[in-house]
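Asks: no sequence on hand, only this structure:
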């Protein structure tokens, strides 16, 4: 292979280079000495330099994303090892809601609390502060893993007061029997 390449290069030199006059060779050499560095700059160095600058700008962002990804992966691993929350049946869920209502001193606002099989309750609060409702719902979500399936909120004439009807559930089945 090398011998064949050497023969071809010698044939090329004889055919194209040595057949030129000395002044043509000098012009071609001068043109090559100008064009070769220019082409090297335009085709190799400048794109590489631009890419390096972009990488320097993107590197801190990419590092932050990598740290966030590692933190999220650690959180996923931690959560996988936590025990699964117990699924409450409708009557246990009703008891948990009643206890949370009592802790938040909201029993007077309770109009209705009805169980819905298999693991849901419907709660109606006649007049309650919206902020108090949010704290109540947040505690149920954090402590009992209760989720609001549906909520109807009506504003009352008093500032910040609302009437709420909500369906709360805990577990793997929807109120209508479908799966999650």
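Replies: Nice, I can see it. These numbers come from a predicted model, not from an experiment.
Asks: state the distance from the residue in the chain sticking out farthest from the centre to residue 12.
Replies: Going by CA atoms, centre = their mean, the residue of the chain most distant from its centre is residue 21, 68.6 Å out. Counting by CB to CB, to the nearest Å, the separation of residue 21 from residue 12 is 18 Å. For every residue, glycine as well, the C-beta is placed using N, CA and C.
Asks: and for residue 146?
Replies: 83 Å.
Asks: those two - which one has more neighbours?
Replies: With other CB atoms under 10 Å as the criterion, residue 146 and residue 12 differ in neighbour count, and residue 146 comes out ahead with 24 against 10.
Asks: in contact with that one, which residues are there?
Replies: By CB atoms under 8 Å, 6 or more residues apart in numbering, residue 146 lies in contact with 88, 93, 96, 97, 140, 168, 169, 170.
Asks: what residues are up against the last one?
Replies: Residues counted as contacts of residue 170 (CB under 8 Å, 6+ apart) are 85, 87, 88, 93, 119, 120, 144, 145, 146, 147.
Asks: can you do 6 Å?
Replies: By CB atoms under 6 Å, 6 or more residues apart in numbering, residue 170 lies in contact with 88, 93, 119, 145, 146.
Asks: residues near residue 88, how many?
Replies: Residues lying near residue 88 (other CB under 10 Å) number 21.
Asks: leaving out the residues flanking it, which one is nearest to it?
Replies: residue 170 (4.5 Å; CB to CB, 6 or more residues apart in numbering).
Asks: longest helix in this structure, please.
Replies: Across the chain, the longest stretch assigned as helix under DSSP state H is helix 46-80.
Asks: toward the C-terminus from that helix, list the very next helix or strand.
Replies: helix 90-103 (DSSP states H and E).
Asks: which parts of that next one are buried?
Replies: 90, 92, 93, 94, 96, 97, 100, 101 (16 or more other CB atoms under 10 Å).
Asks: the fifth one and residue 143 touch, don't they?
Replies: It stands for residue 96. No - using CB atoms under 6 Å, residue 96 is not in contact with residue 143; the gap is 8.1 Å.
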